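Asker: sequence unknown, structure follows:
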């Protein structure tokens, strides 16, 4: 069975990653950059950087793991809780990384 949320995340992440690989200016605007987040207050990077990947291998590994667990999490927890955990982890993890000395 397929996961609706996992499939959408997979597709959006694939498109954003492709755009980042093919457009350096786009990648530089949305990639995780501690100084741009903390000094320039570009807080949208806490979210946008979660959809950019450093290489296709990085993308394939992350999306493989996502798809592997996505159906079970979506089925057991429901879509709202799934999205809360996904985006909360993405933003929370990036925020902790930005604030870590």
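Answerer: Looks like it arrived, so ask away. Keep in mind it's a predicted model, so treat the numbers as computed, not measured.
Asker: next, the buried residues of stretch 94-101.
Answerer: Buried residues in stretch 94-101, counted by 16 or more other Cβ atoms under 10 Å: 94, 98. C-beta here means a position set from N, CA and C on the backbone, and glycine is covered the same way.
Asker: stretch 63-77 now?
Answerer: Those buried within stretch 63-77 under the rule 16+ other Cβ under 10 Å are 63, 66, 70, 71, 73, 74.
Asker: where does pLDDT dip in this structure?
Answerer: 1 (pLDDT under 70).
Asker: got the phi/psi numbers for the residue nearest the centre of it?
Answerer: Nearest residue to the geometric centre of the chain (Cα atoms, centre = their mean): residue 50, 2.5 Å. Reported as degrees, to the nearest 10, the phi and psi values for residue 50 are phi -70, psi -10.
Asker: just the helices in this structure please.
Answerer: Remark: helices assigned in the chain by DSSP state H are 4-22, 24-30, 34-38, 45-48, 56-77, 79-99.
Asker: contacts for the third one?
Answerer: With Cβ atoms under 8 Å, 6 or more residues apart in numbering as the test, helix 34-38 has contacts from 42, 43, 45, 46, 97, 98, 99.
Asker: just the closest of the residues you listed to residue 18, please.
Answerer: Residue 18 has its nearest neighbour among the contacts of helix 34-38 in residue 45, at 18.8 Å by Cβ to Cβ.
Asker: do I have it right that the closest one meets residue 27?
Answerer: No - the pair residue 45 / residue 27 is not scored as a contact, 11.5 Å apart, by Cβ atoms under 8 Å.
Asker: compare these two (neighbour count), which wins?
Answerer: Set side by side, residue 45 and residue 27 show more neighbours around residue 45, with 21 against 16, by other Cβ atoms under 10 Å.
Asker: now that one, nearest residue through space, not along the chain?
Answerer: residue 37 (5.2 Å; Cβ to Cβ, 6 or more residues apart in numbering).
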